[in-house]
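Chemist: Coordinates for the following, if possible.
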Amino acid sequence: MKNVLLLGATGSIGKSVLSVISQNKESLNLIGISFNKNVSRYQEILEKHSPDYVYIEDHDSFKSLCSKDKERYLNGDEELERLINRDDVDIIVCATSGFAGLKTAYIASKTGKKILLANKESIVAGGDLILSLAKANNTKIIPIDSEHNAIFQCLSGEKSTEDVKSITITASGGPFINASIQELQHVTVEDALNHPNWKMGKKISIDSATMMNKGLEVIEAFWLFKMNPSKIEIIVHPQSIIHSMVQFKDGSIKAQLGVPDMKIPIQYALTYPRHLSSNWERLDFFKCGDLTFQEPDFERFPSISLAFRALDLLGTAGTALNLANDITVGLFLNEQILFTDIPRINEVILEEHPWIENPTLEDITNLEEWVKEKIYNL
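Modeler: Have a look, this model is predicted:
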C-alpha cells in the first residue's frame, strides 16, 4: 500500500487523481491533501476519502475548519513542509496550479520520494533548481501531463537519450485552430474556455487556446529530458489521440496513443512501472476516424515562439514568461484585456524584465512583484 499526498486536490487534475485512487484502493491510499479555499469541493473529498491530513492555503478557510478538528487541519509554510516530509508519505502529487506550485515542488524535490508533477509552471520557472535538488536527493520525478508522460513512456527502456533525434509534442490546436488573426481579436472568455477535446480548469483552457500550454511544455521538456531546443518540435494533431512521439536516429518512431483522458497517464505514474488494469474508456481505432497533422502557425499563436525565445535566454526568462502569463490569463478571464493582448504583454515582460543568469529561489520569488507592477502599469 502506497500513501499518496495530493497537493492541489480540488482542481481538475486533483479530481482525476482521486478517481484513480478510488479504482486502486488495494494499492493506493489518500493520506493527505492540500487546497486553497474550495471548501465545498473539499467536503466531497472528505466524505469519500477521509484523508488524515489537510493543508489549507487560505487562512480564513483554515480557521473555519480547524476549530472542528485541530489535528487534521494544517496551515502555514512550516506545516506544509512538515507534511511533505512525513515518513508515512510515499508519493507526492504536485497539482497546485500556476506559479504557486513552485513552492511545493521545491520542497518535494528534496524528499527523496516519488513526485508526480502536474504543475508544469514549477519546472518552467525553476527547472534548474528543482531538478538539481531532485538529482541530489535521489527524488524520482514523473510528469503526469499527457504529453510529457507520453514522452516518459516512449523513452522508458531506452539506454541513452543520445539515440534520440527529436521529440514531438502534439497539440490539439485548441478551439481556434482555424481562426484568423482578425477573429482572434474578438474572442470572448466563453469562446476560449470551450476546448474541443479536453475537460480542464479555466487557466489551462486559456493556455490551450493561446497555445501557451505548448510553449510551456517545450520549456518543460527541455528541463525534464535534457533535450536541446533544436530537437523539440510541435505538431498540431486535432484529434488528441497521439499524445507525443520520440524519433530515434535510426528513423524509428515511438508514439503513445490513447483517448484524451488524464486518468490514464495519472494511473501509470501512480503505479509505475506497471500498467495496471482500469475501467477507463478504450481507444477504438474503427471509430476514432482519421488522424491528421499540421504545422503550428507561429504568427497566429506567437506564444510558442516566446517559449523558444525564453530557452535562448535561460536564467529568469522562463520565470518571467510564466509569471506574466499567469497574470495576463487572469486579466483576460476578468475581461480586462483582449485575448490577443495575452501574448503581446507576455513578450514585453520576457524582453524587459531584470534578467538574472543563475537565479536563486529568492530571485525567482522576488521577480513576481516586478512583473505585477510592470503589467498593471502598461
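
Chemist: use CA for all of it now, contacts and neighbours both
Modeler: Will do.

Chemist: quick one: what helix or strand has the closest residue to residue 228 other than its chain neighbours in it?
Modeler: The shortest distance from residue 228 to any non-neighbouring residue, by CA to CA, 6 or more residues apart in numbering, is to residue 222 (6.4 Å). In this structure, residue 222 sits in helix 212-224 according to DSSP states H and E.

Chemist: ok, now residue 274?
Modeler: Counting by DSSP H and E, residue 274 is part of no helix or strand.

Chemist: That one - how many residues pack around it?
Modeler: When neighbours are counted by other CA atoms under 10 Å, residue 274 registers 10.

Chemist: and residue 108, how far is that from residue 27?
Modeler: Residue 108 is 22 Å from residue 27, where distance means CA to CA, to the nearest Å.

Chemist: the more surrounded of the two?
Modeler: For the pair residue 108 and residue 27, the greater number of neighbours falls to residue 108 (25 against 12), based on other CA under 10 Å.

Chemist: mind listing what the more buried one touches?
Modeler: Applying CA atoms under 8 Å, 6 or more residues apart in numbering, we find residue 108 in contact with 84-85, 92, 115.

Chemist: tell me the phi and psi of it?
Modeler: Phi and psi for residue 108, reported as degrees, to the nearest 10, are phi -60, psi -30.

Chemist: got a pLDDT number for it?
Modeler: On pLDDT, residue 108 comes in at 96.

Chemist: What distance do you get for it to residue 15?
Modeler: 21 Å.

Chemist: And residue 151, by the same measure?
Modeler: For residue 151, the distance to residue 15 - CA to CA - is 23 Å.

Chemist: Between these two, which is the more surrounded one?
Modeler: Taking other CA under 10 Å, residue 151 and residue 15 do not tie; residue 151 has more neighbours (23 against 16).

Chemist: Doesn't that one belong to a strand?
Modeler: No: in this structure, residue 151 is helix, not part of a strand, as judged by DSSP: H, G, I helix; E, B strand; the rest coil.

Chemist: list the contacts for it?
Modeler: Residues near residue 151 by CA under 8 Å, 6+ apart: 167, 244-246, 256.

Chemist: at 10 Å what do you get?
Modeler: Shown in contact with residue 151 (CA atoms under 10 Å, 6 or more residues apart in numbering): 143, 167-169, 221, 225, 243-246, 254-256.

Chemist: Show me which of the residues you listed are buried.
Modeler: By neighbour count, with 16 or more other CA atoms under 10 Å, the contacts of residue 151 hold 143, 167-169, 221, 243-246, 254-256 as buried.

Chemist: how deep is residue 100 tucked in, by neighbour count?
Modeler: Residues near residue 100, counting by other CA under 10 Å: 13.

Chemist: and it, how far is that from residue 180?
Modeler: 34 Å.

Chemist: How about residue 95?
Modeler: For residue 95, the distance to residue 180 - CA to CA - is 34 Å.

Chemist: One more: residue 35?
Modeler: Residue 35 is 39 Å from residue 180, by CA to CA.

Chemist: Show me which of these two is the more surrounded one.
Modeler: Between residue 35 and residue 180, counted using other CA under 10 Å, residue 35 has the larger neighbour count: 23 against 10.

Chemist: Now find how far off-centre the helix or strand bottoming out on mean pLDDT in the chain is within its chain.
Modeler: The helix or strand of the chain with the lowest confidence, counting by mean pLDDT, DSSP states H and E, is helix 59-66 at a mean of 86. Computed by CA atoms, centre = their mean, to the nearest Å, the chain-centroid distance of helix 59-66 equals 27 Å.

Chemist: I'd like to know which elements it is packed against.
Modeler: helix 39-49, strand 53-56, strand 73-74 (3 or more CA pairs under 10 Å, 6 or more residues apart in numbering; DSSP states H and E).

Chemist: now those as JSON lines including distance to residue 126?
Modeler: Formatted as JSON lines, the helices and strands packed on helix 59-66 follow (distance: least, CA to CA, whole Å):
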{"stretch": "helix 39-49", "distance to residue 126": "29"}
{"stretch": "strand 53-56", "distance to residue 126": "23"}
{"stretch": "strand 73-74", "distance to residue 126": "26"}
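
Chemist: The ones you listed: which one's closest to residue 236?
Modeler: Residue 236 sits nearest to helix 39-49 of all these, at 34.5 Å, using CA to CA.

Chemist: Give me the contact list for that closest one.
Modeler: By CA under 10 Å, 6+ apart, the residues outside helix 39-49 that reach it are 9-11, 15, 18, 21-22, 29-36, 50-52, 54, 56, 61-62, 64-65.

Chemist: buried residues in that helix?
Modeler: Quick answer for helix 39-49 (16+ other CA under 10 Å): 39, 42, 45, 49.

Chemist: Out of these, flag the one nearest to residue 139.
Modeler: Nearest to residue 139 among the buried residues of helix 39-49, with distances taken as CA to CA, is residue 49, at 26.7 Å.

Chemist: count of residues packed around the closest residue to residue 341 other than its chain neighbours?
Modeler: Closest residue to residue 341 apart from its sequence neighbours, by CA to CA, 6+ apart: residue 328 at 7.9 Å. Other residues lying near residue 328 total 25 when counted by other CA under 10 Å.
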